[in-house]
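> Sequence and predicted structure below; questions after.
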Amino acid sequence: MKALASEPAIGVIGGSGLYELEGLTDVKWQKVQTPFGAPSDAYCVGRFAGRRVIFLPRHGRGHRVTPSELNFRANIWGFRFLGAQWVISISAVGSMKEAIRPLDLVIPDQFFDTTRRRVSSFFGDGIVAHVGMAEPVCADLAAALATAAQETSATVHRGGTYICIEGPQFSTRAESRVYRSWGVDVIGMTNMPEAKLAREAELCYATLALATDYDVWHETHEAVSVEAVVQSLLKNVATAKDVLRRVIPAIAPARKCECPSLLKNAVITNPAAFPPKTRKKLALLLDNYFPRGRKSLSRGRHHLPRERSRRAPAAGHPRSKPASRSPLQ
Ligand SMILES: [Zn+2]
């Protein structure tokens, strides 16, 4: 299975509050089936400022999917399949530091994963890969996001650690205090394993985190509630759209970061031992590094002369066949 479009696209994952992206032209909602099941929703494919943009509402339109229920693999796979090279993750977060106030923007450069029941790799079933996660965010994409964010009226914090919890409940006070003692900056429920899978799919991934509240640790602010989050979300969504309008035209191919070749030395399994079924399932990720075996090539070679010999020998050109016989139709 190859990527559908040759023009590199910018992917956007809309978090809580951001379910549609206005201003796109030539819009088409495109359903994608992946080897890992169905993504959260159809992808909204369109154009903005001369760029191809692919938008996915992370929780589906209407916000129907909990963080634990999200099919992260299908969501990321779909972006890669549709030709995305960058994925901007828009995420509502709680602030874990006094200095990060509600409505502030954070561009995290690290993640801490405390999730417990999520499948976090495309690999397995006979093919093992270990992708580096020391720098989980694409520095180039994060820099572009930060520049765009700083052009808005919001306060922007560059860098920081996003701790990802399982949810869907918010933290207990004890948990929140422990996380704070670890030095994290913001807390959310969705960026892991999203970031891990984006790395495996060789996509540039960066998060625009929008603070909605002070979680439950703050002594003078009320503990987080859906009501408080929604209040902030409405304002944050307008800011997120403002940042997207600025960052999309600024992202330029070709990518100079290391993201496009993250899998190059990550697969540890001997290719001779690849189970054919798994190899086929992961073709979208593996074809660049492990060209398909000679078997299919030799089958093709045998096929062609036989076809020709049945028709005019030697002179037979596939194009000369009647159109109705074309195997492609
Ligand atoms: Zn990158």
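Yep, that arrived. Numbers count the residues shown, from 1 in each chain.
> contacts, neighbours, all on C-alpha from now
Noted.
> and the residue of the stretch 201-329 of the chain nearest the ion?
The minimum distance from the stretch 201-329 of the chain to the ion, using Cα to the ion, falls at Cys204 (3.8 Å).
> domains for this protein, by residue range?
9-261, 295-329 (automatic domain parsing).
> Indicate which one of the ones you listed is closest to Leu282.
Among those, domain 9-261 comes nearest to Leu282, with 7.8 Å by Cα to Cα.
> ok so, going back, any idea which of the domains of the chain is most buried?
Of all the domains of the chain, domain 9-261 has the most neighbours on average by mean count of other Cα atoms under 10 Å, namely a mean of 19.
> Around the ion, pick out the residues from the stretch 51-200 of the chain.
Listed as neighbours of the ion in the stretch 51-200 of the chain under the rule Cα under 5 Å from the ion: Cys138.
> Just list the residues touching the residue in the stretch 51-200 of the chain that the ion sits nearest to, thanks.
Distance from the ion to each residue of the stretch 51-200 of the chain (Cα to the ion) is smallest for Cys138, at 4.3 Å. Shown in contact with Cys138 (Cα atoms under 8 Å, 6 or more residues apart in numbering): 204-206, 257, 259.
> likewise Thr212?
So Thr212 contacts 92-95, 102-103, 228-229, 232-233, 236 (Cα under 8 Å, 6+ apart).
> Which strands and helices lie in contact with the top strand by length along the chain?
Ordering each strand of the chain by length in residues (DSSP state E) puts strand 84-95 first. Where contact means 3 or more Cα pairs under 8 Å, 6 or more residues apart in numbering; DSSP states H and E, strand 84-95 is packed against strand 9-14, strand 186-188, helix 191-200, strand 204-213.
> right, so of these, which gets closest to Ile251?
strand 9-14 (8.1 Å).
> can you give me the angle the closest one makes with strand 84-95?
20 degrees (axes from the mean of the first three to the mean of the last three Cα atoms, to 10 degrees).
> thinking again about what came up before, which stretch in the domains of the chain has the least confidence?
Note on the domains of the chain: domain 295-329 shows the lowest mean pLDDT, a mean of 38.
> Give me the contact list for whichever strand or helix holds Cys44.
Cys44 belongs to strand 43-48 when assigned by DSSP states H and E. Under the contact criterion Cα under 8 Å, 6+ apart, strand 43-48 has outside partners 23-32, 52-57, 248-249.
> same thing but 6 Å
For strand 43-48, the surrounding residues in contact (Cα atoms under 6 Å, 6 or more residues apart in numbering) are 24-30, 52-56.
> How about stretch 89-105?
Residues outside stretch 89-105 that contact it (Cα under 6 Å, 6+ apart) are 13-15, 155-156, 185-188, 207-215.
> Recalculate using a threshold of 7 Å.
Where contact means Cα atoms under 7 Å, 6 or more residues apart in numbering, the residues beyond stretch 89-105 that reach it are 12-16, 154-157, 180, 184-188, 206-215, 232, 236.
> Repeat that for stretch 217-226.
Under Cα under 7 Å, 6+ apart, the answer for stretch 217-226 is 173, 176-177, 213-216.
> mind listing which of the residues you listed are in helices?
Taking DSSP state H, the ones among the contacts of stretch 217-226 that sit in helices are 173, 176-177.
> what sits against the residue positioned nearest the centre of the chain?
Residue closest to the mean C-alpha point of the chain, counted by Cα atoms, centre = their mean, is Ile76 at 4.2 Å. For Ile76, the contact set (Cα under 7 Å, 6+ apart) comprises 197-198.
> My reading is that it lies in a strand. Confirm?
No. Residue state for Ile76 (DSSP: H, G, I helix; E, B strand; the rest coil) corresponds to helix; a strand is not indicated.
> Which residue ranges of the stretch 51-200 of the chain form helices?
With DSSP state H, counting those that start in this stretch as the criterion, the stretch 51-200 of the chain has helices at 72-81, 139-150, 173-181, 191-200.
> Could you do the stretch 201-329 of the chain as well?
According to DSSP H, counting those that start in this stretch, the helices that the stretch 201-329 of the chain contains are 226-247, 276-281, 283-286, 294-310.
> Put the alpha carbons of stretch 59-78 into CSV.
Taking C-alpha atoms only, stretch 59-78 is exported to CSV below (Å, rounded to 0.1, in the frame of the first residue of the first chain):
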residue,chain,number,x,y,z
HIS,A,59,-11.9,12.4,19.2
GLY,A,60,-14.1,12.3,16.2
ARG,A,61,-16.7,14.9,15.2
GLY,A,62,-19.0,15.3,18.2
HIS,A,63,-16.2,14.2,20.6
ARG,A,64,-17.2,10.5,20.8
VAL,A,65,-13.9,8.7,21.6
THR,A,66,-12.2,8.7,25.0
PRO,A,67,-8.4,8.9,25.2
SER,A,68,-8.1,5.2,26.1
GLU,A,69,-10.4,4.2,23.2
LEU,A,70,-8.5,6.2,20.6
ASN,A,71,-7.0,4.1,17.8
PHE,A,72,-3.7,5.9,17.8
ARG,A,73,-2.2,3.6,15.2
ALA,A,74,-5.0,4.0,12.7
ASN,A,75,-5.0,7.8,13.2
ILE,A,76,-1.2,8.2,12.5
TRP,A,77,-1.2,5.5,9.8
GLY,A,78,-3.9,7.4,7.9
